[in-house]
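J.: Just a sequence and a predicted model for now, questions to come.
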Amino acid sequence: MSSQTPDQPNQVSAQHTSTPPLVDWIKKTDAELNKVVHKHLRHRIKNVSKEVLRKDRKRARLQQKLEWIEVEIMSLELIVKMSSSSQTSTVVVEHDLVLARRVRQIRELGRLVPILRAELEKTEDALEKMRGELDELRYRRRKRFWDDSVEPLPEKVVYFTVII
């Protein structure tokens, strides 16, 4: 009853489409993705490198403080030992006050040592973890974001499946 025309307005023949072949589109998308991933990795490597430098400086400062405190404790202990052996009766009261102050300093510094050692250990662990992350990022930048052992798509394949 109704007459159908061979060329329907909703259908476009394959000759008139301007879309590139699917394999070319996949290659173009792959190249764009590589650029984005490479830029992201470069940025992340730069930031992690800065963090590693900061942590390394913090570790060096903590280590220097710890060494300074240990030297200070040893020198105060030496002063206390030497002064207790050479007491004279005329300056006993003043000497005892100075000695008590030095002993108090030794105790206060002694309390700092385990805290600083724990902080130093924590910083070294974080630094080691960050260096591992930095090595992994550099490896990924060299090798690509995904596994290079995957075969490229053959020329005749017109689709692929992405599993997320």
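T.: Nice, I can see it. Numbers count the residues shown, from 1 in each chain.

J.: All the helices of the protein, residue numbers only.
T.: Using DSSP state H, the helices of the chain run over 22-85, 92-143.

J.: by contact count, what packs against the longest one?
T.: If I follow you right, that is helix 22-85. Applying 3 or more C-beta pairs under 8 Å, 6 or more residues apart in numbering; DSSP states H and E, we find helix 22-85 packed against helix 92-143. Just so you know, the C-beta spots here come from the backbone N, C-alpha and C atoms, and that holds for glycine as well.

J.: could the helices of the chain be laid out in CSV, adding mean pLDDT and mean neighbour count?
T.: Formatted as CSV, those follow (pLDDT from 0 to 100; neighbours: other C-beta atoms under 10 Å):
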stretch, mean pLDDT, mean neighbour count
helix 22-85, 86, 13
helix 92-143, 85, 13
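
J.: Look up how far E133 lies from the residue nearest to L134 when sequence neighbours are not counted.
T.: The shortest distance from L134 to any residue other than its chain neighbours is 4.8 Å, reached at V48 (C-beta to C-beta, 6 or more residues apart in numbering). From V48 across to E133, the span is 6 Å (C-beta to C-beta, to the nearest Å).
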